[in-house]
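Asks: model this:
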Amino acid sequence: MNIVELFEKGGPTIWPLLLLSFLALSIIIERSWFWSKILTHEREIAGRVLEAARRDWGAAAEIARKSVNQPIGRFLYSALELQNPTPEVFELALQATADEELATMKRGDKVLESTIAMAPLLGLLGTVLGLIRSLSSIRLGDLGTDATAGVTLGISESLISTAMGMIVAIVALAFYRLFQGFVAGQAKIFRQSGNDLELIYRKDWMGHPKAPIETIEQPF
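Replies: Okay, here's the model as predicted:
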């Protein structure tokens with residue numbers, strides 16, 4: 001049985017399943033590309049920024065600025081770019097940017113969640129419709145005769161949609177859990193690096209009430 005025959009015999013619910021699988025596959029490819037670009041650099045960038053912050057806030061801000069193509073770079077730079085912030089404002093800048101970046105990392109989750117929930121149901125619906133179609137052609141006088149051979153084949157073909165729905169849902173669930181794990185890991189890195197940067201800043205603020213980050217005089 002080739003692909004064309006598979007879709008023909010799978011019933012009408014195969015086409016919604018095909019649409020769901022296409023959407024889920026698009027999200028999986030896009031998210032895989034997204035995560036492949038950021039998972040190998042975030043700890044290095046955070047370490048360099050924190051190390052520089054212990055010596056020179058200007059250098060730390062410059063390192064973060066050069067890394068704004070990465071979520072961790074944008075996260076740290078959101079606070080370091082501020083001019084003479086109080087510790088409270090410094091903390092709020094980190095929190096707001098963390099929420100925004102983590103929301104971006106979760107993009108596409110709703111599509112995968114919908115696919116996981118709907119694909120098995122569509123598969124089951126296709127099977128039920130196939131069974132109804134097959135069993136409706138049986139007459140009591142045909143039981144035990146060769147006339148029911150086609151019905152058996154029809155029942156087996158009606159299970160195709162259930163199998164398709166389960167396959168689509170399982171694949172979507174596997175990548176959904178994987179991406180959720182990546183988001184949790186990034187949240188942990190954001191929390192650790194943000195807390196460390198804030199602690200360094202608060203220590204310097206207590207020693208230098210006018211703030212350790214040099215301000216730039218604005219012309220009148």
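
Asks: quick one: low-confidence parts of the chain?
Replies: 1-11, 134-157, 208-220 (pLDDT under 70).

Asks: most residues in a single helix of it, which one?
Replies: Among the elements of the chain assigned as helix by DSSP state H, the one spanning the most residues is helix 160-207.

Asks: what about the strands in this structure?
Replies: For the chain, no strands are identified by DSSP state E.

Asks: so who does Asn102 touch?
Replies: One thing to correct before we go on: residue 102 is Leu, not Asn. Taking CB atoms under 8 Å, 6 or more residues apart in numbering as the contact definition, Leu102 lies against 183, 186-187, 190. All C-beta spots, glycine's among them, are computed from the backbone N, C-alpha and C.

Asks: centre-most residue in the protein?
Replies: Per CA atoms, centre = their mean, the C-alpha nearest to the average position across the chain is that of Lys106, at 4.1 Å.

Asks: related to what we said a few turns ago, packing partners for the longest helix of the chain?
Replies: Under the contact criterion of 3 or more CB pairs under 8 Å, 6 or more residues apart in numbering; DSSP states H and E, the helices and strands touching helix 160-207 comprise helix 14-38, helix 42-53, helix 71-80, helix 87-105, helix 109-135.

Asks: tell me what angle that helix forms with helix 42-53.
Replies: For helix 160-207 and helix 42-53, the angle between their directions (axes from the mean of the first three to the mean of the last three CA atoms, to 10 degrees) works out to 10 degrees.

Asks: helix 160-207 vs helix 71-80, what angle?
Replies: Inter-element angle recorded for helix 160-207 and helix 71-80: 30 degrees (by the same axes, to 10 degrees).
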